[in-house]
Each structure stands twice: as structure tokens, then as C-alpha cells.
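Enquirer: Have a look at this prediction, sequence included:
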Amino acid sequence: MINYFLRSLMDWVFRRRSIGLSLVRVGVPLLFAVLVGLTIGVEIPTSQGLMIFKWDSSGSIGALSWGVFVIASLIMLLGLCLIIRDIREEGRKKVIVIEARGLRDWKGQPLASAVPWSVPGRREQVIVDLRQGLVDGQIASPDVALRRLAGLTDDIARRCYGLDRQDISFVLGGLAPVPFLFLLGVIIDDESRTFFMDWERTQHAWRTLAEDDDGRCFVVSGLDAIHAQVRRVALCVSASYDVLDADVHVAEPGVPIIKMELDGRNTNSHWSELKQQRLAQHFLDTVMALARQGVNEITLFLAAPASLALRLGTLYDKRNLPHVEVNQFEQGDPKRFPWTVRMPVSGLPLAEVRQR
């Protein structure tokens with residue numbers, strides 16, 4: 001707690017903008033001027049001659065100097081009180097930083113160390129390690145990984161116990177298979193403030209989503225083919241790589257395909273918070289449109305950056321949207337999508353792994 005207070009104080013001094021800090025910045029120069037006996041004079045030329053305003057803290061007007069000293073001291077005291085109040089308010093806030101590790105078998109920079117101080121509150125790091133030490137970059141046993149992730153619900157409830165919801169924030173990020181990232185988003189939901197970060201592979205560092213929105217959207221196709229008798233569809237979201245029809249037909253033969261393809265997509269087209277919010281809303285609107293047409297089963301083929309996969313999971317309504325399962329792509333597997341994770345939504349109490 002002491003370390004957090006010191007870090008917060010340094011952050012207030014050098015980074016934050018606040019009324020308290022502004023008052024301190026005003027009071028310090030005034031107090032310094034009195035203490036060192038600084039003489040301040042201003043001469044303004046007028047048509048009647050020079051108009052001189054002069055104050056000498058060491059001269060005969062000592063009462064004025066003492067008055068300035070008292071005022072400067074009060075300004076500084078008030079500023080410090082406001083800073084301490086703000087720091088204490090932030091001390092009540094908690095930032096739960098959840099990092100999913102499930103691809104690379106190495107120890108990199110933890111997500112918690114990269115969260116900017118613009119997200120106020122005490123950091124609590126939660127690492128969900130889905131790696132199994134067998135094959136780097138792959139999940140050899142999805143069921144084992146799912147059990148590790150399933151315990152997160154109780155862990156979060158324990159960390160949030162007794163706290164006001166407005167004092168809790170989440171920061172999500174990770175390198176893990178898409179089904180588990182989506183599931184992590186479903187677990188967190190969207191009832192608290194949630195911030196998303198992603199791993200910049202070229203810089204080898206965590207980054208916030210701080211770039212400008214380029215205005216590019218999903219192009220949706222296939223909705224016209226849905227009729228009243230269709231109950232299950234394959235929703236293919238290509239936000240980074242392409243989801244290929246041939247691979248989908250191997251996994252889901254005979255199922256109608258709905259495509260959401262991001263215009264101008266690439267592996268670096270996701271670094272805008274506003275853009276991701278817009279894309280996530282478009283995804284949600286498309287799922288709702290399918291539900292209105294009677295679809296109650298969605299098999300989701302999602303090629304997206306980790307931050308977007310997490311975000312889509314947080315937005316997926318657990319009660320009112322269709323059942324959804326998220327497919328895992330494996331390039332070297334002849335099945336292409338050898339397993340899926342059925343999400344705990346639409347009445348399903350627990351997530352399930354389904355092998356093909």
C-alpha cells in the first residue's frame with residue numbers, strides 16, 4: 001500500500017492534471033518569493049509617465065509580505081489536501097489485470113506492468129496459464145485448459161467481494177487460442193469498466209488501442225440465404241486473416257455460411273479503440289439479426305486479434321442471444337478446426353469442449 005501511495009504521488013506530480021496540483025503549482029512560487037526576499041516590479045508606460053507596481057518582501061511593507069506568505073501557505077495546504085483526497089479515492093479503486101497465456105511457452109513482459117496509470121486504481125495481476133508444456137504454440141488438451149479457465153469465475157468474485165462496482169475496472173489481454181479468449185470475455189462480461197490491450201509483435205511489447213479510427217467496416221454477406229427453417233449457421237468473421245469457405249465446409253458441411261469480412265484487413269488493423277467498439281457493435285447487430293430470423297445455434301469461425309476476440313466475448317449476451325461455439329483453427333490438422341468451445345450462454349451453465 002505504501003508503494004502504491006508513493007507511485008500515485010509521483011504520478012500526480014509529474015503526469016496528472018488536477019485542481020489540487022494546480023493550486024500547489026500556484027502556491028509554491030509565491031511562497032518561494034516571500035522566503036528569498038524577491039523583489040517584483042512592473043513598469044507600465046503611460047501618457048502621464050511610468051506607472052510602477054512594485055512589491056518588496058524585505059522592505060517596509062512587511063505586513064503585505066506576511067499576508068502573501070499566509071495566502072500562499074493556505075493555497076498549498078488546500079492543494080495538498082485535494083491531492084491526498086484524490087489519491088485516497090483512487091486507493092479504493094481496484095484494477096484487475098487478467099492476462100491469458102496459452103500460445104508461447106516463454107516468460108515475457110507481464111501485462112500488469114504495461115497498464116498505463118491513466119487507468120486509476122490498485123493493480124491486481126491475474127495470470128491464466130493455459131499452456132501445457134507439451135507442444136509450444138498448441139493446446140494439446142483443450143479440456144485441461146478449459147478447467148483452468150473455469151476457475152476464474154470464483155477468483156474474480158472473491159476479488160470483487162465487498163467492493164462497489166464503480167470502483168472496479170478490468171484490463172484484459174493475452175496470447176491464447178481464440179475460443180479461450182472469447183470465453184474469457186464472456187466470463188468478464190460488460191458490467192464493469194473494461195480496458196483492452198494487445199501484444200505488438202514487432203515491438204515485443206504490450207500496447208493500448210490508441211490509434212485513430214480509419215473508418216473501415218465489416219462487409220456482411222449471406223444473410224439473404226437464411227430462411228425460417230434454418231436453425232444453425234456458420235458465422236465467419238475475418239478481421240485479420242481470412243476464414244476460408246473450404247475449411248469451414250470441412251468442419252461444418254451443409255451449414256449456411258454468413259460472412260463478416262473487414263475491409264482492408266491485416267494483422268495491424270485493430271489498434272483503434274473506437275474502431276473496435278464499432279466493429280463489435282456490428283458483430284452484435286448481425287447476431288441479433290440472425291436470432292430474429294429464428295437461428296438458435298451459431299458456430300463461430302473467428303480470425304481476429306486477441307483484443308477484439310476478448311471484446312466480442314464481453315458483449316455476447318448470455319441470456320438473449322443464440323447458443324454459440326467458437327472454433328479453433330489448426331493449420332496442420334486435416335480437419336482444420338479440430339475442436340470448439342461451447343460458450344456458457346443461452347441456458348448452458350458451463351463451457352464445454354467439443355472434439356471433431
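Expert: Happy to help now that I have it.
Enquirer: From here on, just use CA atoms for contacts and neighbour counts.
Expert: Will do.
Enquirer: what does the domain assignment say about the protein?
Expert: Following the assignment in automatic domain parsing, the chain carries domains at 2-91, 93-355.
Enquirer: tell me the mean pLDDT for the first one?
Expert: In this model, domain 2-91 has a mean pLDDT of 66.
Enquirer: which residue packs closest to residue 329, ignoring adjacent ones?
Expert: residue 337 (4.6 Å; CA to CA, 6 or more residues apart in numbering).
Enquirer: give me the element that neighbour is part of.
Expert: Following DSSP states H and E, there is no helix or strand that holds residue 337.
Enquirer: measure residue 84 to residue 118 for me?
Expert: Residue 84 sits 17 Å away from residue 118, going by CA to CA, to the nearest Å.
Enquirer: Show me which of these two is the more surrounded one.
Expert: Legend: neighbour count by other CA atoms under 10 Å for residue 84 and residue 118, higher for residue 84 (17 against 9).
Enquirer: Surely the more buried one forms part of a helix?
Expert: Yes - according to DSSP: H, G, I helix; E, B strand; the rest coil, residue 84 belongs to a helix.
Enquirer: which residues touch the most centrally placed residue in the chain?
Expert: Residue closest to the mean C-alpha point of the chain, counted by CA atoms, centre = their mean, is residue 195 at 1.7 Å. By CA atoms under 8 Å, 6 or more residues apart in numbering, residue 195 lies in contact with 169, 170, 171, 172.
Enquirer: again, only this time at 7 Å
Expert: Residue 195 makes contact with 170, 171, 172, according to CA atoms under 7 Å, 6 or more residues apart in numbering.
Enquirer: for residue 260, same thing?
Expert: Residue 260 touches 218, 219, 220, 221, 236, 237, 238, counting by CA under 7 Å, 6+ apart.
Enquirer: Now flag whichever of those is closest to residue 300.
Expert: The shortest approach to residue 300 among these belongs to residue 236, at 6.1 Å (CA to CA).
Enquirer: Quick check on residue 81: phi, psi?
Expert: With angles defined as degrees, to the nearest 10, residue 81 sits at phi -60, psi -40.
Enquirer: In space, what's closest to it - neighbours in sequence excluded?
Expert: Computed as CA to CA, 6+ apart, the closest residue to residue 81 that is not its neighbour in sequence is residue 20, at 7.3 Å.
Enquirer: What is the burial count for the one you found?
Expert: Considering only other CA under 10 Å, residue 20 is surrounded by 21 other residues.
Enquirer: mind checking how far it is from residue 76?
Expert: Distance, residue 20 to residue 76, using CA to CA: 8 Å.
Enquirer: Provide the backbone phi and psi angles at the residue nearest to residue 329.
Expert: Dihedral angles (degrees, to the nearest 10) for residue 337: phi -120, psi 80.
Enquirer: before we move on, the earlier item: tell me which of the domains of the chain sits most buried.
Expert: Mean neighbour count (mean count of other CA atoms under 10 Å) peaks for domain 93-355 among these, with a mean of 18.
Enquirer: What's the end-to-end length of it?
Expert: The straight-line separation of the ends of domain 93-355 (CA to CA) is 42 Å.
Enquirer: just how off-centre is that domain within its chain?
Expert: Centre-to-centre, domain 93-355 and its host chain are 13 Å apart (CA atoms, centre = their mean, to the nearest Å).
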